[in-house]
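give the three-dimensional model of this entry:
(2 chains)
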There are 2 protein chains.
Amino acid sequence: MTAQSEDFSAWYNELVVKAELVDRGPAKGTMVIRPYGYRIWELLQDELDRRIKDTGHHNAYFPLLIPESYLQREAEHVEGFAPELAVVTHAGGKELDEPLVVRPTSETVIGEMMAKWISSHRDLPLLLNQWSNVVRWELRPRTFLRTSEFLWQEGHTAHADETDAMRETMLALDLYTEVAREIAAIPVFGGEKTPGERFAGAMRTFTIEAMMRDGRALQSGTSHYMGENFARAFAIRYATTSGELAYAHTTSWGMTTRMLGAVIMTHGDDHGLVLPPRLAPYQVVIVPIGVGEQGAKARSAAYELGDRLRGAAVRVHVDDRTELSPGFKFNQWELQGVPVRLELGPRDLAAGIVTMARRLGEGKEQFRMDSVSQVLPSLLEDFQAFLLRRAAEFRDAHTAVVDGWAAFSAAVAVGWAAAFHCGTVDCEVEIKKDTAATPRCVPLDATEESGACVRCGRSDVYGKRVLFGRAY
Amino acid sequence: MTAQSEDFSAWYNELVVKAELVDRGPAKGTMVIRPYGYRIWELLQDELDRRIKDTGHHNAYFPLLIPESYLQREAEHVEGFAPELAVVTHAGGKELDEPLVVRPTSETVIGEMMAKWISSHRDLPLLLNQWSNVVRWELRPRTFLRTSEFLWQEGHTAHADETDAMRETMLALDLYTEVAREIAAIPVFGGEKTPGERFAGAMRTFTIEAMMRDGRALQSGTSHYMGENFARAFAIRYATTSGELAYAHTTSWGMTTRMLGAVIMTHGDDHGLVLPPRLAPYQVVIVPIGVGEQGAKARSAAYELGDRLRGAAVRVHVDDRTELSPGFKFNQWELQGVPVRLELGPRDLAAGIVTMARRLGEGKEQFRMDSVSQVLPSLLEDFQAFLLRRAAEFRDAHTAVVDGWAAFSAAVAVGWAAAFHCGTVDCEVEIKKDTAATPRCVPLDATEESGACVRCGRSDVYGKRVLFGRAY
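Down below sits the predicted model:
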């Protein structure tokens, strides 16, 4: 396999296939998510879905096919999405009177329904979420990061006023931050997008930005405050406590299968995937070693140990394939990023021990067989914490606070730059033309300070430094 | 609301909307599944998904958009699905070179991938499952039962030979039977479809058939043995142990959001939904009663009781809306099929008791407040068992073993008929023309016996009686 340091992009493209995460779909830019990859997504889904429900949201399902005219009701929205739409023109053997677009996102069809369901302030807030597939035609597809079809959840909520809608917008961003950090072991910066990078139809867009191991940024979840834009387009109105009609304020927020790309590019190395235990389909793989009678004994000891670990809530797999050598298996599970490998050979069995190799450890360790189910859960927790710490250190080492253009250019060539900016789109475009870097976000928790725009020297407009970086 | 006995169809159409299960989607025949309806689907999904995983299947995800040419590779398959396809002809602002169909089912795209992934007998069986949306354009849509888009799981598996593939086909049918009975409280007959009713491209199709309260049948899950049909169309071949190349034998099986229609029409009554506890979003709703200070006391007692019930793993909701009368709430929760309603008024509180109304009970009962969390779980189990028993009794009372045409016609006018049949499609067509009844299945566990075809008098071909009924 191509080394990560040699050609990051080739490494990624080879790895996603060799680790059996995906295969290429038949239509341009589509992917097949294979069982190993899909299980990672399911584990992430479970964690996110629980948090979405615990904060009072309800899942629902809205139609895939949306009349073209719906999108046209919000001018910026249709302008943003029109170039990416897949359009159904024929159905049931006939040409349709009105073409239907395959949803690229569901603000419009959900807006139409919210207008029906909301009439009084008592109907607010309305807190909906949908798990679904969406289609956005991609000219330059890239596995997980930009695919013509992807899976996601899309939260859509309606509120009485800006205060409540903004509280919701930030709550969603907090959920994403927590899931990224605690589950995917990816430290992210939360912040607001500059006007040039806003979602089509939003008043304000917030994002969590993660740094990949090539120094590039990956937008990993976004949360949008729509103001009254969609409420006006779809007539989402409610009677206030004093009986007047008012427009609702809406939000939307999404996290996608792109997160799998984030996990791969945050933790992976030359040997393959490195999976955070909380997202690993198998946290532990046991490889029994030996042939003939000794092999049979090792396998039965492996099954027994597997059961004990399952009893300790560890996701474990016994690789009992007899046609493959232990070495082949070791390489495969390393490539597939399994956090811990346990080996059980005749000598281990005789001594009542287990040999362990950690995915990022040096050499092997040995444990008494009867202590393994006590030791492993905390060892996996430590590994999870280590990955987060390592990623945070990498990010911080590749993020520079800069004030001059030369320092800025140098910083975004290898990572991120925190710099003052004048806030104009023209200046953002200039920066991008010269360095390929874009403003990733105005970080929420940055120090309040002011200075001259790193590019044009005009005074800064955000009152804090903006994070710039090249992005996927 | 229209009474069920008066006009079953009107009752159903009104109920699905009034109970807030669905709303009409913008495109023809599509539906919005509202939170209350979607939660029922999620609970069913959880139960089915667990069983699918426990039997060794892995979830994966395959693309929504399938090149038209894929469907054409299996002649019967394309013939069966062509009239129902939705077709994407434009994407990314351009006309596509080859139109893409929105998947009506995924045998073709999964077949293409199986061919890539399978090379040796060691790769078999390959046991895949997908949770997804599919589109089949409907001329006569009906909520949950026939919608242009629906949600389902589709299992797709490949095996070395017929024996193993047939074992899988029957395993899937067993899972469906168990989920229908144990979770949805719907007793079903499992059996094989006659040749005229087979899935497009299958060698054998098996089904579970449920009886609705109007005596009509609802096909509630199907499992297909494909033989080598798709393996030949997509070149799914493997090297046998002796090194020869052989075609795999494949299966597919699906259960859909149609199951929500089955639940409504199996258990519902004139007052609305009746939900089996295992599928009820809220198994218990607590309605605190009283105004002012007394109301506040009742609400806080209701929250406390709610917490205790949650601790006993009961799904509970406290209806603390102050703007609505208790009577309004009682009606709403009855309409929405909540198994148990608890009332907490000032007199209950003073006496340390709770007043309970069961969804199908007569009058009200009282319990000591401190016994409720012991009493309720088993009471809910009893209710679950009662619904299954009641549905089985209804079905048996509306199923007649018949030998003559007059008895057959009378039986299928109100329910099902078990009768001998000659097995010819012509004769099936005649029967349908006269009575609207179709062969639902040749039941797996029917007694082996022979006789003259109930319609044409020729000798029977199945060696057992066939179930006939009018179907949705």
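
chain center to stretch A:425-445: distance?
Relative to the chain's own centre, stretch A:425-445 is displaced by 22 Å; criterion: Cα atoms, centre = their mean, to the nearest Å.

name the residues of that stretch that are buried.
A:Cys427, A:Glu428, A:Ile431, A:Lys432, A:Thr435, A:Ala437, A:Thr438, A:Pro439, A:Arg440, A:Cys441, A:Val442, A:Pro443 (16 or more other Cβ atoms under 10 Å in any protein chain shown). C-beta: built from backbone N, CA, C; applies to glycine.

make CSV from those and add secondary structure, distance to B:Arg458 and pLDDT to it.
Below are the buried residues of stretch A:425-445 laid out as CSV (DSSP: H, G, I helix; E, B strand; the rest coil; distance: Cβ to Cβ, whole Å; pLDDT from 0 to 100):
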residue, secondary structure, distance to B:Arg458, pLDDT
A:Cys427, helix, 86, 97
A:Glu428, helix, 81, 97
A:Ile431, helix, 84, 98
A:Lys432, helix, 79, 98
A:Thr435, helix, 83, 98
A:Ala437, strand, 81, 98
A:Thr438, strand, 77, 98
A:Pro439, strand, 80, 98
A:Arg440, strand, 77, 98
A:Cys441, strand, 77, 98
A:Val442, strand, 81, 98
A:Pro443, strand, 81, 98
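
same list, those, but as CSV with distance to chain B please.
Below are the buried residues of stretch A:425-445 laid out as CSV (distance: Cβ to the nearest Cβ, whole Å):
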residue, distance to chain B
A:Cys427, 30
A:Glu428, 25
A:Ile431, 28
A:Lys432, 23
A:Thr435, 28
A:Ala437, 27
A:Thr438, 23
A:Pro439, 27
A:Arg440, 26
A:Cys441, 28
A:Val442, 32
A:Pro443, 34
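
wait, does the helix or strand of chain A with the lowest mean pLDDT contact chain B?
Using mean pLDDT, DSSP states H and E, the weakest-scoring helix or strand in chain A turns out to be helix A:75-81, at a mean of 88. No: contact of helix A:75-81 with chain B (Cβ under 8 Å from any Cβ of the partner chain) is absent, the minimum separation being 11.2 Å.

quick check: next helix or strand after that helix?
Going down the chain from helix A:75-81, the next helix or strand is strand A:86-91, by DSSP states H and E.

other residues contacting that following strand?
Residues from elsewhere that reach strand A:86-91 (Cβ atoms under 8 Å, 6 or more residues apart in numbering or on different chains): A:65, A:68, A:95-96, A:99-102, A:135, A:137, A:148, B:28, B:65, B:85-92, B:99-100, B:102, B:137, B:148.

that strand pairs with which strands?
Using DSSP bridges, the strands paired with strand A:86-91 in its sheet are strand A:94-102 (antiparallel), strand B:86-91 (antiparallel).

quick one, which of those strands is packed in tightest?
strand B:86-91 (a mean of 22; mean count of other Cβ atoms under 10 Å in any protein chain shown).

in stretch A:55-75, what's buried?
Neighbour-count burial for stretch A:55-75 [16+ other Cβ under 10 Å]: A:57-68, A:70-71, A:73-74.

for stretch A:317-327, same thing?
A:Val318, A:Asp319.

what residue lies at the spatial centre of chain A?
Nearest residue to the geometric centre of chain A (Cα atoms, centre = their mean): A:Met259, 2.3 Å.

name the helices or strands packed onto whatever helix or strand that residue lives in?
According to DSSP H and E, A:Met259 maps onto helix A:258-267. Other elements packing on helix A:258-267 under the criterion 3 or more Cβ pairs under 8 Å, 6 or more residues apart in numbering or on different chains; DSSP states H and E are helix A:8-18, helix A:35-54, strand A:204-211, strand A:217-227, helix A:372-397.

got the angle for the fourth one vs strand A:204-211?
The directions of strand A:217-227 and strand A:204-211 differ by 170 degrees, with axes from the mean of the first three to the mean of the last three Cα atoms, to 10 degrees as the criterion.

cool, and the second one?
Here the directions of helix A:35-54 and strand A:204-211 differ by 140 degrees (the same axes, to 10 degrees).

where along the stretch 301-450 of chain A do the helices fall?
With helices called from DSSP state H, counting those that start in this stretch, the stretch 301-450 of chain A shows them at A:326-335, A:346-351, A:372-397, A:405-414, A:425-435.

the last one - contacts with which helices or strands?
The one in question is helix A:425-435. helix A:405-414, strand A:437-443.

now distance to B:Ser9 too, for those, in CSV please.
CSV is the format used below for these (distance: least, Cβ to Cβ, whole Å):
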stretch, distance to B:Ser9
helix A:405-414, 65
strand A:437-443, 54
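
surely A:Gly469 meets A:Arg440?
Yes: with contact defined as Cβ atoms under 8 Å, A:Gly469 counts as touching A:Arg440 (5.3 Å).

need the overlap of contacts for these two.
Common contact partners of A:Gly469 and A:Arg440 (Cβ under 8 Å, 6+ apart): A:Glu209, A:Ala217, A:Trp416.

export the residues you listed as JSON lines, with columns for pLDDT and neighbour count.
Below are the shared contacts of A:Gly469 and A:Arg440 laid out as JSON lines (pLDDT from 0 to 100; neighbours: other Cβ atoms under 10 Å in any protein chain shown):
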{"residue": "A:Glu209", "pLDDT": "98", "neighbour count": "23"}
{"residue": "A:Ala217", "pLDDT": "98", "neighbour count": "26"}
{"residue": "A:Trp416", "pLDDT": "98", "neighbour count": "27"}
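
CSV for those residues, including distance to B:His249?
As requested, the shared contacts of A:Gly469 and A:Arg440 are arranged in CSV below (distance: Cβ to Cβ, whole Å):
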residue, distance to B:His249
A:Glu209, 49
A:Ala217, 49
A:Trp416, 54
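
nearest to chain B, of the residues you listed?
A:Ala217 (25.2 Å; Cβ to the nearest Cβ).

which ones are touching that closest one?
By Cβ under 8 Å, 6+ apart, A:Ala217 lies in contact with A:Glu209, A:Ala210, A:Met211, A:Trp416, A:Arg440, A:Leu467, A:Gly469, A:Arg470, A:Ala471, A:Tyr472.

with mean pLDDT and distance to B:Gly196 added, can I get the strands paired with strand A:86-91 in JSON lines?
Below are these laid out as JSON lines (pLDDT from 0 to 100; distance: least, Cβ to Cβ, whole Å):
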{"stretch": "strand A:94-102", "mean pLDDT": "97", "distance to B:Gly196": "27"}
{"stretch": "strand B:86-91", "mean pLDDT": "97", "distance to B:Gly196": "26"}
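
can you list these in TSV and add distance to B:Leu388?
Output for the strands paired with strand A:86-91, formatted as TSV (distance: least, Cβ to Cβ, whole Å):
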stretch	distance to B:Leu388
strand A:94-102	40
strand B:86-91	38
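
out of the ones you listed, which comes closest to A:Met369?
Ranking the strands paired with strand A:86-91 by distance to A:Met369, with Cβ to Cβ as the measure, places strand A:94-102 first at 54.1 Å.
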